[in-house]
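>>> Got a sequence here, can you build the structure:
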Amino acid sequence: MKKQTVFFPAVLLGIAMLLGACAGKTTVESDLGISGAPDWVNEGTQYLNDKGGRLFHGVGGAPAMGDASLQKSTADNRARAEVARILSSYMDVASQDYTAASGSNADAVSQQTVSRQIKNLSKINLSGVKIIGRWKNKETGIIYSIAELDMVQMKKTLNMVNDMNRDLRRYIGRNSDTIFDRVSQGE
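You can find the predicted model right below:
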């Protein structure tokens, strides 16, 4: 049996470097310029606000592995991880905004409690992330997956969380679209 070593192409390495360099930026703008690829592959992970609603889109890729099922699963998991990354940025902004708004309130919740509840909400919301597409680059064999979390789904999940502070839940419910618009524009 022939042993095969798999290397990530320079394109994926470039994406990883962009993500690391832009850690403070919530939207990764990229144009990979892959001819024939769907727009979502070339645009990369991003917030999307269009007629389809407010959406978190994560794009992940996996090189040829010799096992198509494992390759698809790897690309899917990487796309979900991208959604988790931008959802985390979104939730950080929500947490900071809520803490600032409730800081002088007698019912203010501690920063640590807010942070813990936000992290739990992020984990719960990731169960609502769905893979909405895949594309295989015929030249390189890389499979790309796109994962999506809809803001409407996130709000539904928020309403089902029983152990969350009422005021925090209400604040995120009322301000979630405004927060999304701010972070999607890079503010």
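>>> buried ones in whichever helix in the chain runs longest?
Ranked by number of residues, the top helix in the chain under DSSP state H is helix 68-102. With burial defined by 16 or more other CB atoms under 10 Å, the residues of helix 68-102 counted as buried are 71-72, 74-76, 78-80, 82-87, 89-95, 97-99, 102. C-beta coordinates here come from the backbone N, C-alpha and C atoms, glycine included.
>>> And stretch 46-55, by the same measure?
46, 47, 48, 54, 55.
>>> so which of those would you say is closest to residue 127?
Closest approach to residue 127 among the buried residues of stretch 46-55 (CB to CB): residue 55, at 16.5 Å.
>>> and the closest one, that's in a helix?
No - looking at residue 55 with DSSP: H, G, I helix; E, B strand; the rest coil, it is strand, so not inside a helix.
>>> wait, what's in contact with it?
Taking CB atoms under 8 Å, 6 or more residues apart in numbering as the contact definition, residue 55 lies against 47, 48, 49, 148, 149, 150, 151.
>>> same deal with residue 150?
Listed by CB under 8 Å, 6+ apart, the contact set of residue 150 reads 53, 54, 55, 128.
>>> Please save the CA atoms from the strand or helix carrying residue 58 in PDB.
Assigned by DSSP states H and E, residue 58 belongs to strand 53-62. Coordinates of the C-alpha atoms in strand 53-62 are reproduced here as PDB (Å, rounded to 0.1, in the frame of the first residue of the first chain):
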ATOM      1  CA  GLY A  53     -32.300  37.700   6.400                       C
ATOM      2  CA  ARG A  54     -29.400  38.200   8.800                       C
ATOM      3  CA  LEU A  55     -27.100  35.200   8.500                       C
ATOM      4  CA  PHE A  56     -23.800  34.000   9.800                       C
ATOM      5  CA  HIS A  57     -21.900  32.200   7.000                       C
ATOM      6  CA  GLY A  58     -18.800  30.100   7.700                       C
ATOM      7  CA  VAL A  59     -16.700  28.600   4.900                       C
ATOM      8  CA  GLY A  60     -14.300  25.800   5.500                       C
ATOM      9  CA  GLY A  61     -12.200  23.500   3.300                       C
ATOM     10  CA  ALA A  62     -10.500  20.200   3.400                       C
END
